[in-house]
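In: Next come a sequence and a model predicted from it.
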Amino acid sequence: MLAAKGGDRRAYEVKVTKKKSLYLYEGDLRGLVEFCQSFGFQAYVAVRWKGKKNPWTFKQIDEAKPMKIAREG
């Protein structure tokens with residue numbers, strides 16, 4: 001998903017899970033990071049936690065490297 005307002009340009013990779021954490025690997029993020037570098041966007045991962053009170057987590061991505069995103073609360 002792409003979003004832009006003024007000079008703020010963002011590209012989001014959206015994931016959905018019921019689990020308490022989400023693991024992302026270099027290959028999962030490489031395309032997003034390369035796209036953003038080519039077109040001047042900032043890369044983000046947006047995680048939707050199914051069935052949770054605070055259903056979204058947003059994580060800014062600077063490089064394609066393995067990471068774990070944990071649900072808050």
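Out: Received it, and whenever you're ready, just let me know what you need.

In: Show me where this structure has its strands.
Out: 2-5, 8-17, 21-24, 42-49, 56-61, 67-70 (DSSP state E).

In: which helices and strands sit right next to the longest one?
Out: Helices and strands touching strand 8-17, as assessed by 3 or more CB pairs under 8 Å, 6 or more residues apart in numbering; DSSP states H and E, comprise strand 2-5, helix 26-39, strand 42-49. In short, each C-beta sits where N, CA and C put it, glycine included.

In: that older thread, hey, which of the strands of the chain is tucked in deepest?
Out: Mean neighbours per residue, mean count of other CB atoms under 10 Å, is largest over the strands of the chain for strand 42-49, with a mean of 18.

In: Tell me which strands that strand pairs with, and in which orientation.
Out: In the sheet, strand 42-49 lines up against strand 8-17 (parallel), strand 56-61 (antiparallel) (DSSP bridges).

In: what about that strand, distance to the chain center?
Out: Distance, stretch centre to chain centre, for strand 42-49: 3 Å (CA atoms, centre = their mean, to the nearest Å).

In: average model confidence for it?
Out: Strand 42-49 shows a mean pLDDT of 96.

In: ok and that strand relative to helix 26-39, angle-wise?
Out: Interaxial angle, strand 42-49 versus helix 26-39 (axes from the mean of the first three to the mean of the last three CA atoms, to 10 degrees): 140 degrees.

In: Throw the strands of the chain into JSON lines and include distance to V33, thanks.
Out: What follows is the strands of the chain, written out as JSON lines (distance: least, CB to CB, whole Å):
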{"stretch": "strand 2-5", "distance to V33": "15"}
{"stretch": "strand 8-17", "distance to V33": "9"}
{"stretch": "strand 21-24", "distance to V33": "11"}
{"stretch": "strand 42-49", "distance to V33": "5"}
{"stretch": "strand 56-61", "distance to V33": "6"}
{"stretch": "strand 67-70", "distance to V33": "12"}
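
In: want to throw the strands paired with strand 42-49 into CSV with mean pLDDT and distance to L32?
Out: Shown next, in CSV, are the strands paired with strand 42-49 (pLDDT from 0 to 100; distance: least, CB to CB, whole Å):
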stretch, mean pLDDT, distance to L32
strand 8-17, 95, 5
strand 56-61, 95, 7
